[in-house]
Each structure stands twice: as structure tokens, then as C-alpha cells.
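Colleague: give me a model of this one.
(one chain, ligands or ions: 3)
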Amino acid sequence: MCGIVGFFGPDDVVGDIVIGLTALQHRGQDAAGIATFDDNFHLHKGNGLINDVFKPKHLKKLKGNIGIGHVRYTTQGSNDAELAQPFTTSYPFGLSMVHNGNVINFRQAAKRLHEKYHVLPKTSNDLELIMYTFASELRLKNLDALSVVDIFDAVETTQELVKGAYATITVIAGHGLLAFNDPNGIRPLVMGRRDTPDGPVFAFTSESTCFDYLDFEFVQDIGPGQAVFIDKDFNVHFKNAYAKPKAFCVFEQIYFAREDSVIHGRLVARERVRLGKMLARKVIESGIEPDMVIDVPSSGYFAASGLAEAIGVPYRRALVKNNHMGRSFIVSSQAGREDVVKKKLNPIREFVEGKKVAVVDDSIVRGTTSRRIVRILREAGAKEVYFISSAPPIISPCIYGIDMAMSTELIAANYTEEEICRYIEADRVIYQDLADLQELFAADKGHGGSCFACFSGQYPTGDVTKYLRHIQEERTSHREKKEDRPTETSVSAKAPAPTEH
Ligand SMILES: O=P(O)(O)OC[C@H]1O[C@H](OP(=O)(O)OP(=O)(O)O)[C@H](O)[C@@H]1O
Ligand SMILES: NC(=O)CC[C@H](N)C(=O)O
Ligand SMILES: [Mg+2]
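Modeller: Ligands and ions are numbered 1, 2, ... in the order given. The predicted structure is shown next:
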């Protein structure tokens, strides 16, 4: 996943961009980049967190009243700084683009770029496919009198040709700021506005939490296939939604997005409490009788508190997180993920000693976190440990921007619940039911359609068998080359062989 922002107003926007990106740091930790435009594009990007990449001397050079920013969590190509976003191209007009998501017809789109538009992308970042397809379509218009219709026409052709998930923001130099989403609206993108004495500032960001920090009014979500263009006179133009069914990523609600964001009318924190409450039925049916419910920080908290409330068992924060460690799940190697998990969480012995503990996390993906948590809780004296996931078993790769691209690395795709329970050394593992999750996010409940592909194997963009095969082969050969072989506890190249304890 990545985080994207774009701002356009009467004054320099770099300050807003930095604050916006900082609020989105949970969406990407590999790299960060900002491009602004005054008479020229000013671009700075590099590997690391916002505070590592942007020093005052860089920010000083990022002049202009229009600009975009990106925090990257790699899903295509390498982690090299060269592949960090934004990307820019000088023709037509000068364009700079960022995106969140993942293109799934990479080869076909690259071939078309080469054969039809005579463009050779410089890197293996899928952003180039979106940007050059859009740029090439725009080039076919009358550039002396470019109209909003022309821009939306080029967007629509791009949406037809480029398959997958992509929420995008583009600066069109001298013309304005454009945002558009893929036809299914898989990734989040919201629009906001702040009025100043000198005129309005418009913003597009991955999540609404940015607007709270920046004092912006939320205007609307950018829906499936929708595009919004702010022209140079600050007029706002809309291209309506695409005819495809909306398939918003439900994993954003479960894990990825920040709890204080509102996405498609739903406050993420509230949905997580609901997910926790929904688990009560399964917990009661299982016959376990925990003395306390605890959460796995950071993202297990709201579900844990919901479950505790629903089953009438005290909630305690009994795992302390080292706030200097980021998200483990978005670290790109298994060894790195294990290292983060190890340094990140520490149990409070006095709270758990002699207790039957129900520990709630948002999800079990590769099993790295859950296995470690159960172990440290036992070492701290817990009598029994029940591991409870507010997400259903993740059985299929995500091909839309969350880096769980191979089924071999998904523990639930390869093992039964009993085997997983033995592997993580828990006394019981309980998962959310998929049917309950689908009921909570049903189309008729205001959310308007969700993507459940990682839980159900049903992909909203059609038959993706070829792409899944391609990505499995590519990742496996990449890992073999890097000799990132599985460690004893690793599930990165093949899910673990469950053992008895
Ligand atoms: O089964 P795994 O492969 O370990 O993946 C699942 C874990 O990864 C995420 O946590 P992460 O540490 O990334 O972020 P968080 O601090 O926001 O919970 C998620 O919240 C789970 O705890
Ligand atoms: N997670 C994302 O949204 C990644 C965007 C893009 N595919 C990249 O790797 O840079
Ligand atoms: Mg976690």
C-alpha cells in the first residue's frame, strides 16, 4: 500500500504536503517523494521515512502552489530510490504523477506503450504504465486548446487499458490538478477543501485523517472510475463514476487505513469495534473462558475492545509497543519482518501471569506476529493463550497493492486452523467468519460494494489466473536470486510446517 497526497492553492503547498504525508506514513515506509511546480517541476525523493528523506534544505527548494507527494510500500519492481514516486514526464505540458495500487496487466500495458505509443518506460514501477498511457492519450488531443473533456477522455481510455487498482493524482503543468481512480475504486482517495482569504486550497489524499491535521473540510470520496480536475482558475470538474461495480478493499477497513479515517462514509475505528463484537458469537461457541482480552498493538485495539465489551470480559492493554518500530507487515523481507516483530512488542508480566488470555489481532497473514506474541505471553506466565483474528483466514494473494502476492506465503492458504494453532503454539485460534464480514460490508449497507478477494479468491477485475502465476514465478525467482531463503520460523517462501507443541 502507499499513501498519496496532492494540493493546489494560492500559496506554496509543500508544508501541507509534508503534514499530509506524515499522517499517511503507516501506508508506506520504503520511500517518500514530493514534486511541486512553479515555473518548473521541483522533485525530491529517496528511500526512508518522511523525516529521513526531507530535510529543511530540500523543502526550501520545493516551491510552487501545486504539488503531489507519496509514501511508498513497494509492490512492483525493487525498493531502489529510482523507483520512488512521483514520476514526471515533460511531454505533453509536463506531468507529474503518484499512485497507490498495483497494475495487473503490466506486460500487456508495457507492450502497448512500446508498440502503439513508442514509449519505453524507464523503470519497472507500474506508475509509469499509468502515466505514459495517460500522457500518450493526451498527446492525441489538440494541445493548443486542451479542454476538460479532452483530459477526461484520456483518463477514460487509460482506465480501459490499464487493469488493476490505482488511485492517482497528477499535476498537469500550467493546467491544474487531476485525480482519478480505477474502474472498481479499489483503493481509497478523498477530496478536501480549505478556504483562505486568498482563495480555496484543494486537496486529494488517500485518507481523510490528513484533513483533520490540516483543517480541511472533507468534500467527497473519489468513487470507482471517477475523476476530478481542478483547473487553473480553481474551478472543479467531475467525471462520473464508471459503470463497473464498486469493489473497495475491505482490508483497508480491517488493517491498513488509520482508525481516525472515514472511508466511504464509514469511520474505520467504528468498523473495527463492530468486527470485534461480531467475534463474540464464535468465542462463546468455542467454549473458551478467557480472564481478559488484550490487543496486539497497533491495529488490534478496536476489535479487542469490541470483543471484550460483547463478551463481558475485562480488556487490558498488556502488550506494550515500542513506538520507534514501524509496521512489520510492510517490511519487504521475512528476516526484516521477524526483526521488527521481535523488537516491537513486550508483554506486561504482572497483567498476564496465571491468566487465560484472549489476544485479538486484526489479521494473521504469514503468522510472524501471532507466533511471536503467543510465545512471549507464555514466557510472561500466561496460563492459556487464545489467538483471535478479526479478519477471516487470508487464503488468496492480494494483487491490488497489498504485499501478500504469493499464496505460498499465506499461512491460511496452506494449513488448517488446527495446524495454524499448533504452529503459532496457541491453545485456540479463532477467525472471523467470511459470511459475517460480507454481511457487515454488504453493498446495501451504504458501503456500495467491497473487494473480499484475499478471503474469498473472487477477484473483481475478472480472471487473474495468469497474473497470479506470473507473480508467483517472478517472486520465487527473485527470492532465489537474493537467497532470501526461509529461516526456521519463516513463512515467506513456503508456509511453515506446523509442529506439535
Ligand atoms: O501474520 P503476519 O504476517 O505477522 O501479519 C499480520 C500482522 O501484521 C500487521 O501488523 P504490523 O506490525 O504490520 O502493523 P501494526 O503495528 O499497525 O499492527 C497486522 O496488524 C498483524 O499484526
Ligand atoms: N502499494 C502501492 O500502492 C505501491 C504502488 C506501486 N505499485 C509501487 O510499487 O510503487
Ligand atoms: Mg499488527
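Colleague: who's residue 89 bridged to?
Modeller: In this structure, residue 89 bridges to residue 95 when assessed by DSSP bridges.
Colleague: next to ligand 2, which bits of the stretch 51-200 of the chain? Give me the list.
Modeller: Within the stretch 51-200 of the chain, the residues that sit near ligand 2 (C-beta under 6 Å from any ligand atom) are 72-76, 85, 99-102, 125-127. Yep, even glycine has a C-beta here, placed from its N, CA and C like the rest.
Colleague: and those residues, which is closest to ligand 1?
Modeller: Compare each of those with ligand 1 using C-beta to the nearest ligand atom and the shortest gap goes to residue 73, at 10.4 Å.
Colleague: I'd like the residues of the stretch 51-200 of the chain next to ligand 2 written out as JSON lines, with pLDDT added.
Modeller: Rendered in JSON lines, the data for those read as follows (pLDDT from 0 to 100):
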{"residue": "72", "pLDDT": "96"}
{"residue": "73", "pLDDT": "91"}
{"residue": "74", "pLDDT": "88"}
{"residue": "75", "pLDDT": "85"}
{"residue": "76", "pLDDT": "85"}
{"residue": "85", "pLDDT": "98"}
{"residue": "99", "pLDDT": "98"}
{"residue": "100", "pLDDT": "98"}
{"residue": "101", "pLDDT": "96"}
{"residue": "102", "pLDDT": "95"}
{"residue": "125", "pLDDT": "94"}
{"residue": "126", "pLDDT": "95"}
{"residue": "127", "pLDDT": "97"}
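Colleague: take those residues and keep only those in strands.
Modeller: Judged by DSSP state E, these include 72, 99-102 as members of strands.
Colleague: out of those residues, who's nearest ligand 2?
Modeller: For those, the closest approach to ligand 2 (C-beta to the nearest ligand atom) belongs to residue 100, at 4.0 Å.
Colleague: what about that closest one, distance to residue 52?
Modeller: For residue 100, the distance to residue 52 equals 21 Å [C-beta to C-beta, to the nearest Å].
Colleague: neighbour count: these two, which is higher?
Modeller: Higher neighbour count among residue 100 and residue 52: residue 100, with 31 against 12, using other C-beta atoms under 10 Å.
Colleague: shouldn't that one be in contact with residue 6?
Modeller: No - the pair residue 100 / residue 6 is not scored as a contact, 11.7 Å apart, by C-beta atoms under 8 Å.
Colleague: show me how the record splits the chain into domains.
Modeller: The chain resolves into domains spanning 3-246, 267-453+465-482 when parsed by automatic domain parsing.
Colleague: nearest to residue 254, of these?
Modeller: Taking C-beta to C-beta as the criterion, domain 267-453+465-482 is the member of those that comes nearest to residue 254, at 4.9 Å.
Colleague: near ligand 2, anything from the closest one?
Modeller: Yes - against ligand 2, domain 267-453+465-482 shows contacts by C-beta under 6 Å from any ligand atom at residue 401.
Colleague: pull the distance from that domain to the chain's centre.
Modeller: 16 Å (C-alpha atoms, centre = their mean, to the nearest Å).
Colleague: do stretch 54-73 as well
Modeller: Taking C-alpha atoms, centre = their mean, one finds the center of stretch 54-73 at 21 Å from the center of the full chain.
Colleague: end to end, how far does that stretch reach?
Modeller: With C-alpha to C-alpha, to the nearest Å as the measure, the first residue of stretch 54-73 is 17 Å from its last.
Colleague: show me what counts as buried in that stretch.
Modeller: Neighbour counts using 16 or more other C-beta atoms under 10 Å place 54, 59, 62-73 of stretch 54-73 among the buried residues.
Colleague: close to ligand 1, is that stretch?
Modeller: No - counting by C-beta under 6 Å from any ligand atom, no contacts exist between stretch 54-73 and ligand 1, the nearest distance being 10.4 Å.
Colleague: circling back: just the closest of the buried residues of stretch 54-73 to ligand 1, please.
Modeller: Ranked by distance to ligand 1 (C-beta to the nearest ligand atom), those are led by residue 73 at 10.4 Å.
Colleague: list the contacts for that closest one?
Modeller: Going by C-beta atoms under 8 Å, 6 or more residues apart in numbering, residue 73 touches 1-2, 27-30, 330, 403.
Colleague: dump these into CSV; add secondary structure and neighbour count as well.
Modeller: Compiled in CSV, those are given as follows (DSSP: H, G, I helix; E, B strand; the rest coil; neighbours: other C-beta atoms under 10 Å):
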residue, secondary structure, neighbour count
1, coil, 30
2, coil, 27
27, helix, 26
28, coil, 27
29, coil, 21
30, coil, 21
330, coil, 22
403, coil, 19
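Colleague: quick check, residue 43 in a helix?
Modeller: No - inclusion of residue 43 in a helix is not indicated when DSSP: H, G, I helix; E, B strand; the rest coil is applied; the result is strand.
Colleague: for it, give me its contacts.
Modeller: Counted by C-beta under 8 Å, 6+ apart, residue 43 has contacts 33-35, 86, 88, 96.
Colleague: mind running it again at 7 Å?
Modeller: Contact criterion C-beta atoms under 7 Å, 6 or more residues apart in numbering gives 35, 86, 88 as the residues in contact with residue 43.
Colleague: who does it form a beta bridge with?
Modeller: For residue 43, the residues forming beta bridges with it (DSSP bridges) are residue 35.
Colleague: I'd say residue 154 and residue 138 touch.
Modeller: Yes - when contacts are counted by C-beta atoms under 7 Å, residue 154 is listed as touching residue 138 (4.4 Å).
Colleague: quick one: mean pLDDT for stretch 429-448?
Modeller: For stretch 429-448, the mean per-residue pLDDT is 87.
Colleague: same check, this time on stretch 242-255
Modeller: This predicted structure assigns stretch 242-255 an average pLDDT of 90.
Colleague: now that stretch, how far from the chain's geometric center?
Modeller: Average the C-alpha atoms of stretch 242-255, do the same for its chain, and the two points are 12 Å apart (C-alpha atoms, centre = their mean).
Colleague: hmm, that stretch in reach of ligand 2?
Modeller: No - applying C-beta under 6 Å from any ligand atom, one finds stretch 242-255 separated from ligand 2 by no less than 10.9 Å.
Colleague: hang on, the earlier thing: out of the buried residues of stretch 54-73, list just those in strands.
Modeller: Reading strands off these with DSSP E, I get 66-72.
Colleague: looking at these, which one is closest to residue 19?
Modeller: Of all these, the one sitting nearest residue 19 is residue 69; the distance, using C-beta to C-beta, is 10.0 Å.
Colleague: contacting residues around the closest one?
Modeller: Residue 69 sits next to 5, 17, 20-21, 33-34 when contact means C-beta under 7 Å, 6+ apart.
Colleague: at 8 Å instead, please
Modeller: Under the criterion of C-beta under 8 Å, 6+ apart, the contact partners of residue 69 comprise 4-6, 17-18, 20-21, 32-35, 86, 98.
Colleague: can you check residue 308 too?
Modeller: 276, 292-293, 314-315.
Colleague: just give me the neighbour total for the closest residue to ligand 2 within the stretch 401-501 of the chain.
Modeller: In the stretch 401-501 of the chain, the residue found nearest to ligand 2 is residue 401; the distance is 4.2 Å by C-beta to the nearest ligand atom. The local packing count at residue 401 equals 28, with neighbours defined by other C-beta under 10 Å.
Colleague: hang on, it in a strand?
Modeller: No - using three-state DSSP, the assignment for residue 401 is coil, not a strand.
Colleague: do I have it right that it meets residue 187?
Modeller: Yes - distance between residue 401 and residue 187: 6.2 Å, which falls inside the contact criterion (C-beta under 8 Å).
Colleague: give me the common contacts of those two.
Modeller: Joint contacts of residue 401 and residue 187 (C-beta under 8 Å, 6+ apart) are 1, 100-101, 165, 249.
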